[in-house]
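Peer 1: Pasted the sequence and its predicted model underneath.
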Amino acid sequence: MLKGLIKLARLKHWIKNVFILLPVPFALAARATRVPFQEEVGTLLLGLLGFSLINSAVYTLNDLIDADADQLHPRKCKRPLASGEVSGRAACIQIGVLMLAGLALCLATGRPTVVLLSLAYIGINIAYCMGAKHVAVFDVFMLSSGFVIRVLLGCALVNATPSAWLLLCTTSVALFLGFTKRRADIVAGVDANHRPSLEGYSLPFLDQAITICAGVTLLGYALYGIESAMFVEGREMASMPFVAYGIMNYLRISNVENAGGSPVEIAYTSRSSQICAIGWIIAVLWSLGVW
């Protein structure tokens with residue numbers, strides 16, 4: 001059962017919390033009075049761990065609610081609750097323990113905004129699990145809000161105000177990932193019996209939505225580089241090629257390989273995406289004048 005509970009926690013999905021770290025260099029560079037980053041590391045790591053535990057609690061709750069439906073899914077039927085490896089009572093205990101521990105760590109950061117954002121994340125995911133995920137388009141917006149909350153959380157942990165450009169780029173790329181996930185569901189043959197919201201989708205619509213979100217992401221990021229005063233003159237667009245490649249490569253993976261159903265799996269298995277991410281980090285740090 002212990003192995004099953006660890007599976008329920010989905011530790012691999014903690015990689016999504018890299019979004020908490022993404023705004024940090026931008027937010028710090030935009031601050032009028034900069035605090036040495038080393039003074040913020042402890043608070044940042046504390047909030048990161050606390051939010052990760054909350055993520056695991058939410059994943060366990062989702063699997064608990066979806067256990068019956070997952071039994072009908074060709075892949076999800078092997079999940080611990082759907083397969084009977086873990087009991088519902090054990091899952092409930094895990095939800096309570098992880099939720100309380102995560103909130104306690106967020107509270108320990110001394111940043112009230114971090115706690116409020118964590119509670120908002122919990123509330124949104126409870127609404128999602130209880131029925132919002134059955135409404136087409138709205139389900140993707142609900143999923144995408146989790147990534148936006150992560151960015152806001154990262155800014156709150158370093159006491160920085162996120163720019164409108166950063167929120168625009170985060171929202172558009174989160175919607176992009178959400179719609180590619182729904183596209184992958186349809187291509188994989190998942191029907192409305194398992195995910196009712198799929199009745200409101202079609203491949204032509206999803207292809208259009210994905211294209212719009214990709215375009216907004218690229219345009220928003222380009223304007224961010226042009227308009228923001230935090231970048232070193234002449235280096236503003238250094239990271240743009242990596243963003244463009246990352247979006248286009250993900251589109252290729254989604255449309256050619258039909259493998260866009262799990263951004264987490266792509267993050268762990270796609271070498272091209274990993275190299276692109278490393279290149280983006282280096283380019284951003286250079287454009288901000290870190291080195």
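Peer 2: Arrived safely, thanks for sending.

Peer 1: just to confirm, which helix or strand has Met230 in it?
Peer 2: For Met230, there is no enclosing helix or strand under DSSP states H and E.

Peer 1: again with Ala267
Peer 2: Secondary structure here is read from DSSP H and E; on that basis Ala267 sits in helix 263-269.

Peer 1: Just name whatever secondary elements that helix is in contact with.
Peer 2: helix 271-287 (3 or more C-beta pairs under 8 Å, 6 or more residues apart in numbering; DSSP states H and E). Quick note: C-beta positions are derived from backbone N, CA and C, even for glycine.

Peer 1: now with 7 Å?
Peer 2: Taking 3 or more C-beta pairs under 7 Å, 6 or more residues apart in numbering; DSSP states H and E as contact, there are no helices or strands that helix 263-269 lies on.

Peer 1: Relative to the whole chain's centre, how far out is it?
Peer 2: 12 Å (C-alpha atoms, centre = their mean, to the nearest Å).

Peer 1: Equivalent analysis for stretch 99-119, please.
Peer 2: Distance of stretch 99-119 from the chain centroid (C-alpha atoms, centre = their mean) equals 18 Å.

Peer 1: Show the contacting residues for Leu285.
Peer 2: Shown in contact with Leu285 (C-beta atoms under 7 Å, 6 or more residues apart in numbering): Pro25, Trp291.

Peer 1: per-residue pLDDT, it?
Peer 2: Turning to Leu285, the model gives it a pLDDT of 87.

Peer 1: now swap in Trp165 and tell me
Peer 2: For Trp165, the predicted pLDDT is 85.

Peer 1: do the same with Pro263
Peer 2: 85.

Peer 1: From Ile122, how far off is Val115?
Peer 2: 11 Å (C-beta to C-beta, to the nearest Å).

Peer 1: Then Ile266?
Peer 2: For Ile266, the distance to Ile122 - C-beta to C-beta - is 26 Å.

Peer 1: elements contacting the helix ranked longest in the chain?
Peer 2: Ranked by number of residues, the top helix in the chain under DSSP state H is helix 37-65. Packing contacts for helix 37-65, counted by 3+ C-beta pairs under 7 Å, 6+ apart, involve helix 2-9, helix 88-108, helix 112-129, helix 138-157.

Peer 1: ranking those helices by burial, who's on top?
Peer 2: helix 138-157 (a mean of 22; mean count of other C-beta atoms under 10 Å).

Peer 1: Heading C-terminal from it, find the next helix or strand.
Peer 2: Trace forward from helix 138-157 with DSSP H and E and the next one is helix 164-187.

Peer 1: Burial check on Asn109, number of neighbours?
Peer 2: Just so we're on the same page, residue 109 is Thr rather than Asn. 23 (other C-beta atoms under 10 Å).

Peer 1: Make sure it is actually in contact with Gly47.
Peer 2: Yes: counting by C-beta atoms under 7 Å, Thr109 does reach Gly47; the two are 4.8 Å apart.

Peer 1: so what's Leu100 up against?
Peer 2: Leu100 touches nothing, counting by C-beta under 7 Å, 6+ apart.

Peer 1: that older thread, quick check: angle from the longest helix of the chain to helix 138-157?
Peer 2: Helix 37-65 runs at 150 degrees relative to helix 138-157, counting by axes from the mean of the first three to the mean of the last three C-alpha atoms, to 10 degrees.
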